[in-house]
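A.B. asks: fold the following, please.
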Amino acid sequence: MIFDFLKEHGLEPQRTKAVLFDMDGVLFDSMPNHVTAWKVSMARYGLSITDEQVYLNEGQTGFGTIAALIRQQFGREATDEECDLIYQAKCDVFNTCPTAPPMPGAREALEAIKAAGLKCVIVTGSGQQSLFDRLNETYPSIFTRELMVTAFDVRHGKPRPEPYLMGLRKAGVKADEAIVVENAPLGIQSGRAAGIFTVALNTGPLKDSLLYASGANVVYPNMPTFACLVSQRPEPRP
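C.D. replies: Numbers count the residues shown, from 1 in each chain. This is a model prediction of the structure:
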């Protein structure tokens with residue numbers, strides 16, 4: 001179970017009180033929809049973004065992604081109005097995409113962690129209300145609004161430590177009393193900058209070496225692998 005997983009990685013099970021989860025690419029297989037939404041909305045405003053850039057920027061607030069691309073491609077700072085317009089366009093496109101399915105294995109992992117008496121916390125750079133609405137529907141009795149950190153809650157998003165530091169505060173725990181479950185380089189950097197043991201799930205196209213270089217303590221190929229480790233259930237066959 002989760003306590004065996006913690007022991008295996010040199011953590012003290014009796015000290016661990018919370019697990020902080022990213023959402024996109026960890027709990028929902030929503031990154032393909034984000035790729036589509038970013039590419040379409042950026043093109044409307046004369047900007048371009050590659051699939052890899054979407055994954056590399058995942059976890060950052062939408063405004064941060066827009067500002068970085070405008071700075072890179074237009075050579076100037078973005079205005080608040082531009083960020084509002086482009087991000088709204090991105091949200092509109094995202095909401096027309098097919099419903100993102102739950103990530104395989106996520107329910108088993110969450111139920112095992114919750115059954116062990118640990119708090120489950122959401123720490124996401126997303127502002128997609130449609131995904132927040134699905135959390136309780138998809139993972140009932142796991143999350144509460146009080147234990148969610150979203151794009152609307154922080155001033156400095158991932159890779160800064162603020163999102164995960166806020167997650168710790170909301171959960172009422174210290175950095176050495178929690179672990180982070182992430183899938184993106186910026187999120188991994190954020191978790192480690194907050195001083196938290198960080199598990200990376202490589203659910204996208206990036207190389208494991210990039211996730212380790214971002215600071216991941218351990219990298220697994222997918223959520224089912226992590227779920228079988230924390231729940232002691234057999235790993236699904238391919």
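A.B. asks: and the helix or strand bottoming out on mean pLDDT in the chain, what's buried?
C.D. replies: Across the helices and strands of the chain, mean confidence by mean pLDDT, DSSP states H and E is lowest for helix 129-138: a mean of 78. Neighbour counts over helix 129-138 (16 or more other C-beta atoms under 10 Å) mark 131-132, 134-135, 138 as buried. (Glycine included, C-beta is placed from N, CA and C.)
A.B. asks: report all helices and strands that the helix or strand following that helix contacts.
C.D. replies: Where DSSP states H and E defines the elements, the next helix or strand beyond helix 129-138 is strand 148-149. With contacts taken as 3 or more C-beta pairs under 8 Å, 6 or more residues apart in numbering; DSSP states H and E, strand 148-149 sits against strand 119-123, helix 162-171.
A.B. asks: quick one: strands adjacent to strand 148-149?
C.D. replies: Sheet pairing of strand 148-149 (DSSP bridges) gives strand 119-123 (parallel).
A.B. asks: residues touching the strand it pairs with, excluding its own?
C.D. replies: Outside strand 119-123, the residues that touch it by C-beta atoms under 8 Å, 6 or more residues apart in numbering are 17-23, 27, 110, 113-114, 135, 142-143, 147-150, 163-164, 166-167, 170-171, 173, 178, 180, 187.
A.B. asks: how far away is the nearest residue to residue 62 once chain neighbours are set aside from residue 60?
C.D. replies: Spatial nearest neighbour of residue 62, chain neighbours left out: residue 87 (4.5 Å); criterion: C-beta to C-beta, 6 or more residues apart in numbering. Between residue 87 and residue 60 the computed distance is 12 Å (C-beta to C-beta, to the nearest Å).
A.B. asks: show me which of those two is the more surrounded one.
C.D. replies: Neighbour count, other C-beta atoms under 10 Å: between residue 87 and residue 60, residue 60 has more, with 24 against 18.
A.B. asks: please compute how far the least confident helix or strand of the chain lies from its chain's middle.
C.D. replies: Distance of helix 129-138 from its chain centroid, counting by C-alpha atoms, centre = their mean, to the nearest Å, is 14 Å.
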